[in-house]
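K.L.:
A predicted structure for the sequence below; I have some questions about it.
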Amino acid sequence: MADRSSAREVIALVTDSFTEHTPPPRSCAPDGPLSWEGYGASRARAADRTGEAESVVYGTASIGGHPCVTLAFEFGFLGGSLGERAGDRLEDAYRRAREEGIPLLSLVATGGSRMQEGMVALTQLQRVARATVRLREAGVPHIAVLRDPATGGGWATVGAGADVILALPEAQIGFAGSRVRPPDADPAAYTAEGQLAAGHVDAVVRPEELRGTVTRWLTALTSPAAQAPPPSAVSDTPLPASGWEAVRHARDPARPRAEAYLDAYFTTRLPLVGDRCGGTDPGLRGGIGLRADGRSVAYVAQCGTATRPAGYRTAARVIRLADRLGIPVLTLVDTPGAANDAEAERAGAGAAIAEAFTAVAGARVPLTTLLIGEGGSGGALALAAPGNTWATPDSYFSVIAPELAAAILKRPPDQAPHTAEQLRLRPQDLLELGVIRGIV
């Protein structure tokens, strides 16, 4: 069963200390801006039942030694709904995080906008959106934890607008609340687990693990390394004597893959999952990792499969987040190329690859690439750092696979090895051509 802790309970679960704040008082009509009959009495009953003055509690907190602003929705207060006074609290929480330059942690449990305040309630979403933009412009990270339920405008702004989105097990999550969904809707789509599978949530975390997980994320988001040095080679494969040998080495099933390099490079990895457009790519890893010195580096790693559009969009998301927070980026390139099946084309392969190229090109933080296997055409180059790409001895980079090049040139299949030689795709060839900076 999903957790239904109160705002105070979940704040106590996550924080080491908490000092509550309240916004400046606001005068309003007894039954709200719409003069909704009985609304004032409903608010009074909610206050008596919960002990809260509104559906949002916020203040400054310490978590694992990290200062942050923490806000929590009280679902027992009119379903954690957003009204004008709740909007005041949200806006002030975002403002404090921005002005103090400390992360914002949002513990979300809401049924949506408060209908007794009509469009006045709905416009609170615009206030939150504006506060989100200002927080991002200031380079301040935002972590959201989705509780049960996280629906409506609160999910679509405070929750989905965060940089890192965690969720409690079995929490109901979705823009549509349980009473307004289509009767034939798949209930799994509205769960934390379903949202994780669709790439809208980064992790599902058990309550007892929440404080530790949030602490690690706060460390990762606020302790950037100065740069991302290229990893050392994991294997002792010698440099290839020929182009075809380079191809065979890179395609060897026993060759070390991205996981081996990431495990050697980081002591802790915190994944960022999905493209936030409903897609995930099992052949791509992205997130932020902590190194032995406690400093963070963002990573994007291809795992040897054809990268799908969701993978490129996820990569762009990770790179842009790291760039905004001043975190250097490491990319590991290993793909035979971009996925080119009909499904990939319908999912916008070209636009997704362009998004990855522009994210890399626009990055202001140090960006380092290590080619660890196959470097197949533009699908690999999209994640390569111009001027700071390195290669392992068991890798190759090519404008096209040798077999495909031979086919285009109308050569017989047995000419693929000769074509590989002509393509000059070996690591030492790439170094001589100036395509890579060095061989690790």
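P.N.:
Now that the structure is in, tell me what you want to look at. Numbers count the residues shown, from 1 in each chain.

K.L.:
now the strands for the stretch 201-350 of the chain?
P.N.:
Along the stretch 201-350 of the chain, the stretches classed as strands by DSSP state E, counting those that start in this stretch are 203-204, 268-271, 284-290, 296-302, 329-335.

K.L.:
out of these, which comes closest to residue 318?
P.N.:
For residue 318, the closest of the strands of the stretch 201-350 of the chain is strand 284-290, at 4.2 Å, according to Cβ to Cβ. C-beta: built from backbone N, CA, C; applies to glycine.

K.L.:
now that closest one: how far from the chain's centre is it?
P.N.:
Put simply, strand 284-290 sits 9 Å off its chain's centre (Cα atoms, centre = their mean, to the nearest Å).

K.L.:
rewinding a little: closest to residue 159 out of the strands of the stretch 201-350 of the chain?
P.N.:
When the strands of the stretch 201-350 of the chain are ranked by distance to residue 159, counting by Cβ to Cβ, first place goes to strand 203-204 at 14.0 Å.

K.L.:
packing partners of that closest one?
P.N.:
Applying 3 or more Cβ pairs under 8 Å, 6 or more residues apart in numbering; DSSP states H and E, we find strand 203-204 packed against strand 164-167, helix 192-197.

K.L.:
which of those sits most buried?
P.N.:
strand 164-167 (a mean of 26; mean count of other Cβ atoms under 10 Å).

K.L.:
check which element follows that strand along the chain.
P.N.:
Note on strand 164-167: by DSSP states H and E, the next helix or strand toward the C-terminus is strand 173-174.

K.L.:
neighbouring strands for that next one, and are they parallel or not?
P.N.:
strand 142-151 (parallel) (DSSP bridges).

K.L.:
for whatever helix or strand comes next after the strand it pairs with, the distance to its chain's centre please.
P.N.:
Under the assignment DSSP H and E, the closest C-terminal helix or strand after strand 142-151 is helix 152-154. Helix 152-154 sits 20 Å away from the centroid of its parent chain (Cα atoms, centre = their mean).

K.L.:
likewise stretch 237-246?
P.N.:
Averaging C-alpha positions (Cα atoms, centre = their mean) puts stretch 237-246 37 Å from its chain's average.

K.L.:
in that stretch, what's buried?
P.N.:
237, 240, 243, 244, 245, 246 (16 or more other Cβ atoms under 10 Å).

K.L.:
likewise stretch 78-95?
P.N.:
By neighbour count on 16+ other Cβ under 10 Å, the buried set for stretch 78-95 is 78-94.

K.L.:
what about the most centrally placed residue in the chain, distance to residue 204?
P.N.:
The central residue of the chain, meaning the one whose C-alpha is nearest the mean C-alpha position (Cα atoms, centre = their mean), is residue 272 at 3.8 Å. The gap separating residue 272 from residue 204 is 14 Å, by Cβ to Cβ, to the nearest Å.

K.L.:
and residue 259, by the same measure?
P.N.:
Here residue 259 is placed at a distance of 21 Å from residue 204 (Cβ to Cβ).

K.L.:
then residue 421?
P.N.:
From residue 421 to residue 204 the distance is 50 Å (Cβ to Cβ).

K.L.:
now stretch 415-433: average pLDDT?
P.N.:
Taken as a whole, stretch 415-433 carries a mean pLDDT of 94.

K.L.:
what residues sit buried inside that stretch?
P.N.:
415-417, 419-421, 423-427, 429-430.

K.L.:
just list whatever residues bridge to the nearest residue to residue 318 once chain neighbours are set aside.
P.N.:
Take residue 318 and drop its neighbours on the chain: the residue closest to it by Cβ to Cβ, 6 or more residues apart in numbering is residue 286, 4.2 Å away. Here residue 286 sits in beta bridges with residue 300, going by DSSP bridges.

K.L.:
residue 286 contacts residue 300, doesn't it?
P.N.:
Yes. Checked against Cβ atoms under 8 Å, the pair residue 286 and residue 300 is within contact range at 4.9 Å.

K.L.:
so what sits against both of the two?
P.N.:
314, 315, 318 (Cβ atoms under 8 Å, 6 or more residues apart in numbering).

K.L.:
scan those and report the most crowded one.
P.N.:
Of all these, the highest neighbour tally under other Cβ atoms under 10 Å goes to residue 315, namely 31 neighbours.

K.L.:
how close does it get to residue 264?
P.N.:
21 Å.

K.L.:
next one: residue 120
P.N.:
Counting by Cβ to Cβ, the gap from residue 120 to residue 264 is 55 Å.

K.L.:
also residue 375?
P.N.:
For residue 375, the distance to residue 264 - Cβ to Cβ - is 20 Å.

K.L.:
between those two, who's got more neighbours?
P.N.:
Between residue 375 and residue 264, residue 375 has the larger neighbour count (other Cβ under 10 Å), namely 31 against 12.

K.L.:
quick one: residues contacting the residue nearest to that one when sequence neighbours are not counted.
P.N.:
Computed as Cβ to Cβ, 6+ apart, the closest residue to residue 375 that is not its neighbour in sequence is residue 397, at 3.4 Å. By Cβ under 8 Å, 6+ apart, residue 397 lies in contact with 333, 371, 375, 380, 381, 391, 425, 430, 435, 436.

K.L.:
so for the helix or strand where the second one lies, what's the average pLDDT?
P.N.:
It refers to residue 371. Per DSSP H and E: residue 371 is located in strand 367-376. For strand 367-376, mean pLDDT is 97.

K.L.:
just the angle between that strand and strand 296-302, please?
P.N.:
Relative orientation of strand 367-376 and strand 296-302, computed by axes from the mean of the first three to the mean of the last three Cα atoms, to 10 degrees: 10 degrees.

K.L.:
look at residue 259 and residue 204 and report which has more neighbours.
P.N.:
More crowded of residue 259 and residue 204, by other Cβ under 10 Å: residue 204, with 17 against 13.

K.L.:
what bridges to the more buried one?
P.N.:
residue 167.

K.L.:
what separation is there between it and residue 298?
P.N.:
Counting by Cβ to Cβ - residue 204 and residue 298 are separated by 22 Å.

K.L.:
do the same with residue 415
P.N.:
Applying Cβ to Cβ, the value for residue 415 to residue 298 is 42 Å.

K.L.:
with residue 200 instead?
P.N.:
20 Å.

K.L.:
next one: residue 173
P.N.:
According to Cβ to Cβ, residue 173 and residue 298 sit 25 Å apart.

K.L.:
and what of residue 284?
P.N.:
According to Cβ to Cβ, residue 284 and residue 298 sit 13 Å apart.

K.L.:
for the two, indicate the residue with more neighbours.
P.N.:
residue 298 (29 against 25).

K.L.:
gap between the two ends of stretch 11-26?
P.N.:
End-to-end distance of stretch 11-26: 25 Å, with Cα to Cα, to the nearest Å as the criterion.

K.L.:
that one: which residues count as buried?
P.N.:
Here stretch 11-26 shows 11, 13, 14, 15, 18, 23 as buried, counting by 16+ other Cβ under 10 Å.
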